[in-house]
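Asks: Only the shape, not the letters, is given here:
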Ligand SMILES: Nc1nc2c(ncn2[C@@H]2O[C@H](COP(=O)(O)OP(=O)(O)O)[C@@H](O)[C@H]2O)c(=O)[nH]1
Ligand SMILES: [Mg+2]
């Protein structure tokens, strides 16, 4: 079983690339499985993998590093249930120091040929990397940027993703700047929405082009912990009871109100994701840093009941994030009955890896 570990900041495109890579490999007749990971418990990503018929297990309630034993158990479960030849493990977007705390322990502690880490890709939003390498102001605080930088530093291969959201000239400029800044790391400009480009990534992974580095990362856990603590997590399941057929408009207005609240307070979004389901229709809508147009992604929602799983990761205080969601829900409650369930909002706890093999 070949294990490909995929890291990188919130919203950088990890899930998108993994889903498309899994589809490519499954199309070639390979058995594929995925391990998702998050600080929260109710994950849009896992539901999204399942809706694409990709076997997925999850490590929740903290990163792989701090839940190494759970990762080990889940890999075994996935192995038994789906007998995958290839596994992708997507680490939570606030996690760093993965080589010392995940890759090396997996290599040292697991039986040979059971989920052996073959590659470590780190994804980064090309627009954010462009700003960073030009020393332009970043949307996140210095604490969070420390985390962002450390994630990049330990990549086996750095995927400069969402290249399509930069001009061709800027995409090549960011690649050239990255070549100078990160010597010794393989680099790849990519648009993960394009199957052809994802095939190139899969080929790089399988041909050994993204091998995890084995030197330990020089990282200050106090600063790393402050970066994680500056980010707020909120997960919530919402049921909207709406006049027949009015679901789309109401959910869009809820999302608009939430985004407007975040924008008014000038907060930086890691990502905000909605998994929207009504009848047999289901769609995922997400906003990462530097949001793109999204309304077209929300389909018509049949019937009078819409369920929404909300995952929000924003740089702010967790109670403030909860208040913003409550404000947006109060607006939605003017035109629908809204029920909230499984509400959790918090900051990630201080990173305390099970193993650290330097
Ligand atoms: N334009 C563009 N959007 C992308 C690309 N990759 C991912 N996205 C979008 O970025 C958002 C976050 O992607 P996701 O895969 O959930 O990020 P993750 O948090 O790293 O797993 C989603 O809206 C994706 O559709 C890309 O290469 N180009
Ligand atoms: Mg993801």
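Replies: Yep, that arrived. What you see is a predicted model, and the numbers here were worked out from it, not measured in a lab. Ligands and ions are numbered 1, 2, ... in the order given.
Asks: What is the neighbour count of the residue lying closest to residue 8 once chain neighbours are set aside?
Replies: In space, and not counting its chain neighbours, residue 8 is closest to residue 123: 3.3 Å by Cβ to Cβ, 6 or more residues apart in numbering. Quick note: C-beta positions are derived from backbone N, CA and C, even for glycine. Residue 123 is flanked by 32 other residues according to other Cβ atoms under 10 Å.
Asks: partner residues bridging the residue of the stretch 251-358 of the chain found nearest ligand 1?
Replies: Residue of the stretch 251-358 of the chain nearest ligand 1, by Cβ to the nearest ligand atom: residue 286 (4.0 Å). Note on residue 286: beta-bridge partners by DSSP bridges are residue 273.
Asks: quick one: contacts for it?
Replies: Residue 286 makes contacts with 11, 44, 271-274, 294, as judged by Cβ atoms under 8 Å, 6 or more residues apart in numbering.
Asks: Equivalent analysis for residue 91, please.
Replies: 5-7, 37, 63-64, 98, 102.
Asks: Return the distance of it relative to residue 66.
Replies: 11 Å (Cβ to Cβ, to the nearest Å).
Asks: Residue 157 too?
Replies: Going from residue 157 to residue 66 by Cβ to Cβ gives 25 Å.
Asks: How about residue 258?
Replies: From residue 258 to residue 66 the distance is 29 Å (Cβ to Cβ).
Asks: Show me where the chain has its strands.
Replies: 2-8, 32-37, 56-59, 86-90, 116-125, 157-161, 186-189, 231-241, 268-278, 281-288, 305-315, 337-346 (DSSP state E).
Asks: between the ones you listed, which has the poorest average model confidence?
Replies: Among the strands of the chain, strand 281-288 carries the lowest mean pLDDT, a mean of 90.
Asks: need the contact list for the residue in the stretch 51-200 of the chain that ligand 2 sits nearest to.
Replies: Per Cβ to the ion, residue 90 is where the stretch 51-200 of the chain lies closest to ligand 2, at 5.6 Å. Neighbouring residues of residue 90 by Cβ under 8 Å, 6+ apart: 6-7, 14-15, 18, 34-37, 45.
Asks: near ligand 2, which of those residues show up?
Replies: Near ligand 2, taking Cβ under 5 Å from the ion as the test, the members of the contacts of residue 90 found are 14-15, 45.
Asks: Show me what from the stretch 101-250 of the chain comes close to ligand 1.
Replies: Counting by Cβ under 6 Å from any ligand atom, the residues of the stretch 101-250 of the chain close to ligand 1 are 123, 161-162, 164-165, 191-193.
Asks: In those residues, which residue is surrounded by the most others?
Replies: Counting neighbours by other Cβ under 10 Å, residue 123 comes out on top of those with 32 neighbours.
Asks: shouldn't that residue be in contact with residue 11?
Replies: No. Shown here, residue 123 and residue 11 do not form a contact pair, counting by Cβ atoms under 8 Å, at 9.4 Å.
Asks: ok, whatever residue of the stretch 201-350 of the chain ends up closest to ligand 2 - how many residues close by?
Replies: Proximity of the stretch 201-350 of the chain to ligand 2 (Cβ to the ion) peaks at residue 271, 7.7 Å away. Neighbourhood size, residue 271 [other Cβ under 10 Å]: 20.
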